[in-house]
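>>> mind looking at a prediction? Sequence and model below.
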Amino acid sequence: MENIVQELKAALPFKDTTVPGDIVLIASKEPQMLVYAYVREIERDTSRKDEWWNVSMRILSIPLQEMTWTLRTPQMTGMEIFTMGGEERFVKAVDFGTPTSEKPAQPKKQDGFIKRVK
């Protein structure tokens, strides 16, 4: 699993944090799985003494699947590989930020119409 995580980190831009609204990549060795999920909510699990979070996610598949995992901060931010049911898992938010070299198209008014130019 460590090799898979290293390859993913080399191939994708990841964030160091995870917040509601993020898209996370979930990797699993068994069952073999590599999926994206939308983070809907992150709430403190007050039933535990240590700091654990209920992370509600929507798997971006057809049909959409809802799930909630209880994770510690290092687990939900990709700082550590963890196990669920004895199987290794990895979760980390993907950074979809716009590269600074790309400029958004600016509207240009011409003959009473607005045309998009790049």
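Sure, I can see it. Here the structure is a predicted model, which means the values were calculated and not measured.
>>> pretty sure V5 sits in a helix.
Yes: counting by DSSP: H, G, I helix; E, B strand; the rest coil, V5 is part of a helix.
>>> isn't it up against R89?
No: between V5 and R89 no contact is recorded; they are 10.4 Å apart, counting by C-beta atoms under 8 Å. From N, CA and C alone the C-beta is placed, and that goes for glycine too.
>>> neighbour-wise, which of those two wins?
R89 (19 against 16; other C-beta atoms under 10 Å).
>>> spit out the residues that contact V5 and R89 alike.
A27, I81 (C-beta atoms under 8 Å, 6 or more residues apart in numbering).
>>> could you report the distance from T18 to P63?
Distance from T18 to P63, counting by C-beta to C-beta, to the nearest Å: 24 Å.
>>> whoops, I mixed them up, V35
Applying C-beta to C-beta to V35 and P63 gives a distance of 13 Å.
>>> neighbour count for T18 and P63, which is higher?
Between T18 and P63, T18 has the larger neighbour count (other C-beta under 10 Å), namely 23 against 5.
>>> now the residue nearest the centre of the chain: which helix or strand?
The chain has V24 as the residue nearest its centroid, 1.3 Å off, counting by C-alpha atoms, centre = their mean. Using DSSP states H and E, V24 sits in strand 23-28.
>>> which other helices and strands contact the very next helix or strand once past that strand?
Once the chain leaves strand 23-28, the next helix or strand it forms, by DSSP H and E, is strand 33-44. The elements that strand 33-44 packs onto, with contact taken as 3 or more C-beta pairs under 8 Å, 6 or more residues apart in numbering; DSSP states H and E, are strand 23-28, strand 53-59.
>>> and the helix or strand following the last one, how far out from the chain middle?
Of the helices and strands lying after strand 53-59 in sequence (DSSP H and E), the nearest is strand 65-71. In terms of C-alpha atoms, centre = their mean, to the nearest Å, the gap separating the centre of strand 65-71 from the centre of its chain is 13 Å.
>>> could the helices and strands packed on strand 33-44 go into TSV alongside mean pLDDT and distance to P74?
Shown next, in TSV, are the helices and strands packed on strand 33-44 (pLDDT from 0 to 100; distance: least, C-beta to C-beta, whole Å):
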stretch	mean pLDDT	distance to P74
strand 23-28	96	14
strand 53-59	98	11
